[in-house]
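Trainee: Could you work out the structure for the sequence below:
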Amino acid sequence: MVEGGMKCIKILLFVFNLLFVIAGIGLIATGAYVNIKMDEYYDFFGKEYLGPGILVIIVGVLIFLIAFFGCCGAIRENYCLTMTFAVSLAIIFILEIAGGITGFVLRDKIEDDVKGVLTDAMRNYNESHHEGVTKSWNKLQEEFSCCGVNNYTDWNTTRGLSAPPVSCCAKIPCTPSFDDPSSIYTDPCAGQIEDWLKGKVAIIGGVGIGLAFVQVVGVMFACCLARAIRKEYEVV
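Mentor: So this is what the prediction gives:
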């Protein structure tokens, strides 16, 4: 009866390890995607918004490696390996909760930061030694189909340009003009990138917290298997 129960726990632990491997790969891919996208706007936001993505990648790699201890412990019915797996999952659980909370904290902070960051960056547009800012602004307006921080006229009031940048053009060819905005994007970039950042940070936070609670079940199964193994050793 005890042997049958331990076999059942082993099978369940294997299933959870498979899920952890898949989840680890998914976390690595998600973190890498967000960091690659954020790196494109590094000249705007610097390192601050890279943190959650990097943490998710680290957690994904650790989960992938830790699943090895779970498999080895279950196959060998080794108490030490199984407990190592359980303790490691518990530590990762704490990291994921921290990453998820960080993500949601940043999500609330985004709205306050974005307008100020974009406005400061706009003042350096097309200035010497600020090629990265110019490139980032052009990419932002083309990718998000927007123009200016709050309005396309920001390019005149904040930057002092006589016409919006060509990257504001909604169609090619076009001659961007403040007097005739029919050929340019008119949506504000601040709102567009705020929504994008909130969405990506919410994904990181949600995935991290969701997976963390799944791991609690994995820790429970690992502890049950370790206890069964220990009892078997004591009987022997």
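Trainee: Next one: F85 from G132, what distance?
Mentor: Using Cβ to Cβ, to the nearest Å, we find F85 at a distance of 44 Å from G132. C-betas here are computed from N, CA, C, even on glycine.
Trainee: So which of those two has more stuff around it?
Mentor: Neighbour totals were compared for F85 and G132, and F85 leads with 30 against 14 (other Cβ atoms under 10 Å).
Trainee: Ramachandran coordinates for C169?
Mentor: Note on C169: its backbone torsions stand at phi -60, psi 130 [degrees, to the nearest 10].
Trainee: Report the contact partners of it.
Mentor: By Cβ atoms under 8 Å, 6 or more residues apart in numbering, the contact list for C169 reads P176, S183, I184, Y185.
Trainee: Which of those has the largest number of neighbours?
Mentor: Result: I184 is most packed of these (other Cβ under 10 Å), 26 neighbours.
Trainee: Could you pick out the longest helix of this structure?
Mentor: For the chain, the helix that runs over the most residues, judged by DSSP state H, is helix 189-235.
Trainee: And the residue lying closest to L161 once chain neighbours are set aside, how far from C147?
Mentor: In space, and not counting its chain neighbours, L161 is closest to W155: 4.6 Å by Cβ to Cβ, 6 or more residues apart in numbering. From W155 across to C147, the span is 7 Å (Cβ to Cβ).
Trainee: ditto for R159
Mentor: For R159, the distance to C147 (Cβ to Cβ) stands at 12 Å.
Trainee: same thing with A226?
Mentor: Taking Cβ to Cβ as the criterion, A226 is separated from C147 by 60 Å.
Trainee: More neighbours: those two, which one.
Mentor: C147 (26 against 22).
Trainee: show me the contacts for the more buried one.
Mentor: Shown in contact with C147 (Cβ under 8 Å, 6+ apart): Q141, W155, P164, C168, I184, Y185, T186, D187, P188, C189.
Trainee: Next: C189.
Mentor: Residues in contact with C189, defined by Cβ under 8 Å, 6+ apart, are L118, L140, Q141, F144, C146, C147, G148, V149.
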